[in-house]
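Q: predicted structure and sequence below. I'll ask about it afterward.
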Amino acid sequence: MSENTPGAAARASGRAKGEIARVRAVRFGTGPAILAGIFIGWLGIATKAALNEAIGGDTGYVILMAGAVLAAWFGGLAGGLAAIITVAVMNSVIFVGGGADNRVDQFRQILYLVIATATAWLVASRRAARDGLVDALDEVASLAEEVETRDARLEMMLAASGTGFWEWDIVTGDLVWSEAIFRQHGLEPGPRAPDYATYIDTIHPDDRGTFESAIAAAIEGGGSFTLDFRIVWPDGSVHWTQGAGRVFRDETGRAIRMLGTGQDITERKRLIEDRDRLLAEEHRAGEFREAFVDVISHELRTPITTIMGLAQILARPGRTDDEASRAALLEDVRSESERLNRLVEDLLVLSRIERGRLEVEPEPLEPRRLLEGAVAHEARELSSITVETDLERDLPIVAGEATYIEQIVRNLLGNAAKYAPPGSHVVVSARKRDGLVEVRVSDDGPGIPPASIERIFELFYRDPESARIVAGSGIGLFVCATLIEAMGGSIWARRRPEGGSEFGFTLRAIEPDEVDADAPLLPAAATERKPNAVRKASTPAA
């Protein structure tokens with residue numbers, strides 16, 4: 001996987017310019033080339049005359065051939081022919097005379113004309129080829145400079161976006177990475193990238209299969225791929241990257257290499273997650289607001305209307321009641337007031353959850369005494385069911401908040417009384433297990449519908465069949481689950497094999513040496529409940 005080598009375009013441009021400098025020489029146009037040829041021809045004759053005088057003999061056509069070659073190189077065919085013609089004329093006048101005695105010299109001159117002309121043509125052709133090469137190299141240099149400028153702009157843009165290039169040799173498995181790709185994997189740039197097998201091990205296990213499938217699909221015929229996946233750095237941290245690649249094939253169609261880019265998108269993913277979280281929180285807040293409106297308009301109105309009606313009856317002028325009738329009316333007022341109080345308590349907890357301010361300050365509690373008191377109070381209120389306790393002796397001290405635990409017990413018993421048939425038997429039991437105290441509220445009613453078990457602790461959820469028969473807001477069990485979690489425990493609901501339902505929750509037991517009479521005990525697992533948290537019922541091992 002590889003980036004274009006930095007400076008490659010610059011080096012190509014430098015090589016092209018150097019080659020041009022080496023092959024380019026002085027070149028003449030047609031007119032200057034003819035003049036240069038005449039001058040070179042004259043210079044050749046002059047040189048030959050000087051050498052003949054110096055050696056006292058005839059040097060022949062060696063110097064004249066050299067002049068023709070030189071003129072053809074600098075002046076092309078026109079320059080070469082001009083030099084040859086000048087040499088032929090001057091050589092005939094100066095060195096070759098007429099008559100039969102000079103026939104050999106005339107033949108040699110004719111032979112010179114033929115050979116010199118052919119040589120000049122060959123040299124001129126060679127020079128034309130060199131000139132074409134120079135022009136091509138000049139064009140290459142211009143293109144290299146253009147590529148260098150374009151690559152510089154591309155590198156600036158890629159550096160700004162944190163994008164790197166990679167190349168993968170599919171046949172050998174070798175990878176080539178740019179510096180940005182090294183850093184996207186938590187590594188310092190080095191001369192060699194890891195091989196493909198090692199690279200695959202850096203991909204998050206949950207994304208590895210998807211990545212390999214995308215690569216395989218691109219090689220088998222897709223040609224390219226784009227994929228967001230996670231990478232595990234050497235320090236164990238997880239980062240997101242966006243990879244894109246394209247397959248290149250040989251003349252037989254076999255995939256031989258893949259080129260692509262990689263970009264670190266960890267921050268982008270974080271922003272998306274934050275956006276989704278904020279949207280979910282806003283959606284949840286909207287549900288809370290709707291719940292308040294629904295509860296106030298329906299659930300709160302019912303007990304308030306009843307209390308107001310009973311108060312008006314009791315306060316009616318001239319009314320005479322016997323003691324039993326008056327006591328019955330007052331009992332109804334008290335019962336509806338208790339119902340109203342429970343709704344207000346649940347709404348207060350719901351309000352704290354919605355604002356993210358549900359805080360629990362646990363303290364050491366004696367669960368047996370707390371449960372006995374709460375059950376005894378509720379048993380008097382819930383005349384439609386029979387409630388009893390089955391509490392293990394010597395239950396350990398637990399960490400919790402008494403007010404909230406009593407609220408949870410009231411909600412669970414009220415829930416049993418609401419949905420179980422009249423006369424149902426409800427048992428509140430408590431046992432110590434594995435450093436916890438498990439509290440269970442069991443009834444012998446029809447049991448929780450299987451389809452509702454996983455959703456029963458969701459806010460506003462009510463079983464569709466039960467909702468047609470029994471009124472309710474769908475808040476109580478949500479409040480129970482939230483309070484238990486805030487105290488570091490867990491809550492569950494299940495159908496009993498022998499029939500009926502079981503709701504249970506755990507509280508953390510405190511070891512004797514943890515109890516400090518002078519300081520409140522804070523449970524290690526106490527957490528603030530967020531309104532957007534997902535809650536699912538969980539059942540501890542039996």
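A: Noted; the coordinates are in hand.
Q: okay, CA-based contacts and neighbour counts for the rest of this
A: Will do.
Q: tell me which element the residue lying closest to residue 496 once chain neighbours are set aside falls in.
A: In space, residue 496 comes closest to residue 502 once its chain neighbours are excluded; the distance is 6.3 Å by CA to CA, 6 or more residues apart in numbering. Residue 502 belongs to strand 501-508 when elements are defined using DSSP states H and E.
Q: using CSV, list the CA coordinates for that strand.
A: As requested, the backbone C-alpha atoms of strand 501-508 are provided in CSV (Å, rounded to 0.1, in the frame of the first residue of the first chain):
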residue,chain,number,x,y,z
SER,A,501,-43.8,-13.9,38.2
GLU,A,502,-40.6,-13.0,40.1
PHE,A,503,-39.0,-9.6,40.3
GLY,A,504,-35.7,-9.4,42.1
PHE,A,505,-32.8,-7.1,42.8
THR,A,506,-29.4,-7.2,44.5
LEU,A,507,-27.7,-5.0,47.0
ARG,A,508,-24.0,-5.1,47.8
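Q: what's in contact with it?
A: By CA atoms under 8 Å, 6 or more residues apart in numbering, the list of residues contacting strand 501-508 from outside reads 398-400, 412, 435-448, 484, 487-496, 523.
Q: buried subset of those residues, written for ChimeraX?
A: Selection command for ChimeraX covering only the buried members of those, criterion 16 or more other CA atoms under 10 Å:
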select :398,399,400,412,436,437,438,439,440,441,442,443,444,445,447,448,484,487,488,489,490,491,492,493,494,495,496,523
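Q: can you tell me which of the contacts of strand 501-508 are in helices?
A: With helices defined by DSSP state H, the entries of these inside them are 412, 484.
Q: tell me which stretches of the stretch 351-500 of the chain form strands.
A: Secondary structure of the stretch 351-500 of the chain (DSSP state E, counting those that start in this stretch): strands located at 363-365, 386-391, 398-400, 425-433, 436-443, 491-495.
Q: where does residue 499 fall, phi/psi-wise?
A: Recorded main-chain torsions at residue 499 are phi 110, psi 150, according to degrees, to the nearest 10.
Q: beta partners of the residue nearest to residue 496?
A: Counting by DSSP bridges, residue 502 forms beta bridges with residue 442, residue 494.
Q: isn't residue 178 up against residue 163?
A: No - the pair residue 178 / residue 163 is not scored as a contact, 9.3 Å apart, by CA atoms under 8 Å.
Q: right, and the helix or strand after the top helix by length along the chain?
A: What stands out as the longest helix in the chain, according to DSSP H, is helix 103-161. The helix or strand immediately downstream of helix 103-161 is strand 163-169, counting by DSSP H and E.
Q: residues contacting residue 383?
A: Residue 383 makes no contacts at all, as judged by CA under 8 Å, 6+ apart.
Q: pLDDT wise, what is it at?
A: In the predicted model, residue 383 carries a pLDDT score of 82.
Q: buried residues in stretch 330-347?
A: Along stretch 330-347, the positions that meet the burial threshold by neighbour count (16+ other CA under 10 Å) are 330, 332-333, 335-337, 339-340, 342-343, 345-347.
Q: any idea of the mean pLDDT for that stretch?
A: On average, the pLDDT along stretch 330-347 is 75.
Q: ditto for stretch 128-146
A: Over the span of stretch 128-146, the pLDDT mean works out to 76.
Q: so what's the gap between it and the chain middle?
A: In terms of CA atoms, centre = their mean, to the nearest Å, the gap separating the centre of stretch 128-146 from the centre of its chain is 46 Å.
Q: can you list the buried residues in that stretch?
A: For stretch 128-146, using 16+ other CA under 10 Å, the buried residues are 131, 133-134, 137-138, 140-141, 143-145.
Q: can you check stretch 63-80 too?
A: Along stretch 63-80, these residues count as buried under the neighbour rule (16+ other CA under 10 Å): 63-65, 67-80.
Q: give the rounded mean pLDDT of that stretch.
A: In this model, stretch 63-80 has a mean pLDDT of 83.
Q: give me the contacts around that stretch.
A: By CA under 8 Å, 6+ apart, the list of residues contacting stretch 63-80 from outside reads 26-30, 32-38, 40-41, 43-45, 47-48, 81, 83-84, 87, 112, 116-117, 119-121, 123-125, 127-128.
Q: need the longest strand for this structure.
A: Ranked by residue count, the top strand of the chain under DSSP state E comes out as strand 238-249.
Q: and that one, what's its mean pLDDT?
A: The predicted confidence, averaged over strand 238-249, sits at 93.
Q: elements contacting that strand?
A: Counting contacts by 3 or more CA pairs under 8 Å, 6 or more residues apart in numbering; DSSP states H and E, strand 238-249 is packed against strand 224-232, strand 255-264, helix 266-294.
Q: contacting residues around that strand?
A: Counting contacts by CA under 8 Å, 6+ apart, the residues touching strand 238-249 from outside are 184, 204, 218-219, 223-233, 255-266, 269.
Q: mind listing what it pairs with, with the direction of each?
A: The pairing partners recorded for strand 238-249 under DSSP bridges are strand 224-232 (antiparallel), strand 255-264 (antiparallel).
Q: confirm residue 176 sits in a strand?
A: Yes - read with DSSP: H, G, I helix; E, B strand; the rest coil, residue 176 is one of the residues of a strand.
Q: related to what we said a few turns ago, distance to residue 479 added to the buried residues of stretch 128-146, as CSV?
A: Supplementary listing: those in CSV, determined by distance: CA to CA, whole Å:
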residue, distance to residue 479
131, 91
133, 86
134, 86
137, 81
138, 81
140, 77
141, 77
143, 73
144, 72
145, 71
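Q: max pairwise distance over the residues you listed: which two?
A: The widest separation within the buried residues of stretch 128-146, taken as CA to CA, falls between 131 and 145 and amounts to 21.1 Å.
Q: can I get the buried residues of stretch 330-347 in CSV with distance to residue 55 and secondary structure?
A: Formatted as CSV, the buried residues of stretch 330-347 follow (distance: CA to CA, whole Å; DSSP: H, G, I helix; E, B strand; the rest coil):
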residue, distance to residue 55, secondary structure
330, 154, helix
332, 151, helix
333, 150, helix
335, 147, helix
336, 145, helix
337, 144, helix
339, 141, helix
340, 139, helix
342, 136, helix
343, 134, helix
345, 132, helix
346, 130, helix
347, 129, helix
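Q: against residue 82, how distant is the residue nearest to the spatial centre of the chain?
A: The geometric centre of the chain, computed from its C-alpha atoms, lies nearest to residue 240 (CA atoms, centre = their mean), at 3.5 Å. When CA to CA, to the nearest Å is applied, the distance between residue 240 and residue 82 equals 75 Å.
Q: neighbours of residue 360, how many?
A: Here the number of neighbours of residue 360 (other CA atoms under 10 Å) works out to 20.
Q: what pLDDT does the model give it?
A: The model reports residue 360 with a pLDDT of 75.
Q: again with the one 3 residues further on
A: If you check residue 363, the pLDDT there is 87.
Q: do the same with the one 4 residues further on
A: The score at residue 367 is 93. That number is its pLDDT.
Q: burial of it, as a residue count?
A: Neighbour count of residue 367, defined by other CA under 10 Å: 24.
Q: tell me the contacts of residue 252?
A: Going by CA under 8 Å, 6+ apart, residue 252 touches no other residue.
Q: what does the one 5 residues further on give?
A: Applying CA under 8 Å, 6+ apart to residue 257 gives the contacts 167-171, 247-249.
Q: which among those count as buried?
A: The neighbour count (16+ other CA under 10 Å) marks 167-170, 247-248 as buried among the contacts of residue 257.
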